[in-house]
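Trainee: Let's see this in three dimensions:
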Amino acid sequence: MKRISTGIPKFDTELEGGYPEGKGILISGNTGSGKTVLGLHLVYRACMDNKNCLYIATEETPEDILVQAGSLGMDLRQFYDDGKLVIQRIYEERVYEAISSVEWGTDRPLSSDIIKLKDIITGINDIVIIDNIGVFTLTMPLDVFRAQFDALNHMLSKQGLTTVYIMDETSNRRTDYVAAYSVYGVIKLSRKENPYTNKHERYLEVAKMRNTQIPEEPIMLKIAPEKGIVFLSD
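Mentor: Residues are numbered from 1 along each chain as shown. Next comes the predicted model:
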């Protein structure tokens, strides 16, 4: 099986070379755990390897993403400018729709069809990041979410696209963790306070990765300026 580098050499080693190519991977976690940063590592390395990347942002603007990546030592602006990286502005579309709803005095829920994402994802891409797919769960019944997520993941896998779905932990719980059943791999990130040191610690756990010998224990990490995610030694 071909592998795609995660962008973190030590993580590649833990995953027998990286993410399985052409498969769907779910990254979930609570606020500040490093979900987006993990996705940025993949995008940066993929662009460096001359792959075409599509980043679908549902909560941030393209400029926010570029600035964050730059602060972590990953200069994505060069790839954004030359078209190697495309950042789809779903965030701004959601904002404009919300403003319009308020101005017109309607209580119509925002568009939440996951399956519509297929219209902006084409086979010319190698890597697709959807961050945060959890926003689609706000007004969507569980059975509808499961059906649409399954369909989207199936279609993208058929196209041979390596897709990373980033989901916040609140949305993951709201949907009874059903997304984990559809994808090829599941990575869980967490940020919690150590009661003995009163300091916050971050952990990464590979809960699932088919056809891969995965780490048995969570991996402790930190997010460092100009470096991004750094795995800590025992």
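Trainee: wait, what's in contact with I214?
Mentor: E14, L15, V206, K208 (Cβ atoms under 8 Å, 6 or more residues apart in numbering). Quick note: C-beta positions are derived from backbone N, CA and C, even for glycine.
Trainee: Chain neighbours aside, what residue packs nearest to the second one?
Mentor: Just to be clear, that refers to L15. T212 (5.8 Å; Cβ to Cβ, 6 or more residues apart in numbering).
Trainee: what do you get for the third one?
Mentor: Nearest non-adjacent residue to V206, counting by Cβ to Cβ, 6+ apart: I214, 4.3 Å away.
Trainee: Per-residue pLDDT of that neighbour, please?
Mentor: In this prediction, I214 carries a pLDDT score of 94.
Trainee: Kindly report the same for V128.
Mentor: 96.
Trainee: Spit out the contact partners of it.
Mentor: Taking Cβ under 8 Å, 6+ apart, we find V128 in contact with C53, L54, I56, I121, L156, L161, T162, T163, V164.
Trainee: any idea which of the residues you listed is the one closest to D131?
Mentor: Among those, I56 lies closest to D131 (Cβ to Cβ), at 7.0 Å.
Trainee: What is the helix or strand hosting the closest one packed up against?
Mentor: Assigned by DSSP states H and E, I56 falls within strand 53-57. The contact analysis (3 or more Cβ pairs under 8 Å, 6 or more residues apart in numbering; DSSP states H and E) places strand 53-57 against helix 35-48, helix 62-71, strand 85-88, helix 90-103, strand 127-131.
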